[in-house]
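Trainee: 3D model of this:
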Amino acid sequence: MARANVLLMVSGGIAAYKSCYLARLLVQAGFSVRAAMTDSAQRFVGPVTFRALTGHGVATDLWGEGDTDPLDHVDLARWADLTVVAPATATCWARRPAASPTTSCPPCCWPSRSAAAWPRP
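Mentor: The predicted structure follows:
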């Protein structure tokens, strides 16, 4: 059986450190994991951490100035069987309806809000 490819998209929020644990669990479970990080996420966790956990370069920009080549974001979208957004900050949730998916890859989001904050807009 082929290993499923998981694209872990890490957004900026204090819960970003939990994405490291998620990456480790996914790799231990046999998934092939690659990470992409926003600038804000890099203020909480460094790309080196995800490179060590996944064994792959980390996409940190669109222009290939980090661990990946220019336009790798297109290749990553094609490569992924599942896209995980963790943590899914309020900013990510707000931008989500405006996003147009480029693949049929199903997204999976883990909100970073506490249960007490859900009733509040």
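Trainee: what does the lengthiest helix in the chain contact?
Mentor: Scanning the chain for the helix with the most residues, using DSSP state H, yields helix 16-28. Taking C-beta atoms under 8 Å, 6 or more residues apart in numbering as the criterion, the residues outside helix 16-28 that touch it are 6, 8, 10, 33, 35, 41, 44-45, 49-50, 53-55, 84, 86-87, 110. C-beta: built from backbone N, CA, C; applies to glycine.
Trainee: so what's residue 7 closest to, chain neighbours aside?
Mentor: Sequence neighbours aside, residue 80 is the residue nearest to residue 7 in space, at 3.8 Å (criterion: C-beta to C-beta, 6 or more residues apart in numbering).
Trainee: I misspoke; the intended subject was residue 76.
Mentor: residue 7 (5.5 Å).
Trainee: number of nearby residues for the one you found?
Mentor: 23 (other C-beta atoms under 10 Å).
Trainee: Now do the strands in the protein.
Mentor: Applying DSSP state E to the chain gives strands spanning 5-10, 32-37, 82-88, 107-111.
Trainee: Dump the ones you listed into JSON lines; add mean pLDDT as well.
Mentor: As requested, those are exported to JSON lines (pLDDT from 0 to 100):
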{"stretch": "strand 5-10", "mean pLDDT": "92"}
{"stretch": "strand 32-37", "mean pLDDT": "93"}
{"stretch": "strand 82-88", "mean pLDDT": "84"}
{"stretch": "strand 107-111", "mean pLDDT": "53"}
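Trainee: In a markdown table, list these along with distance to residue 23.
Mentor: Output for those, formatted as a markdown table (distance: least, C-beta to C-beta, whole Å):
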| stretch | distance to residue 23 |
| --- | --- |
| strand 5-10 | 6 |
| strand 32-37 | 6 |
| strand 82-88 | 9 |
| strand 107-111 | 13 |
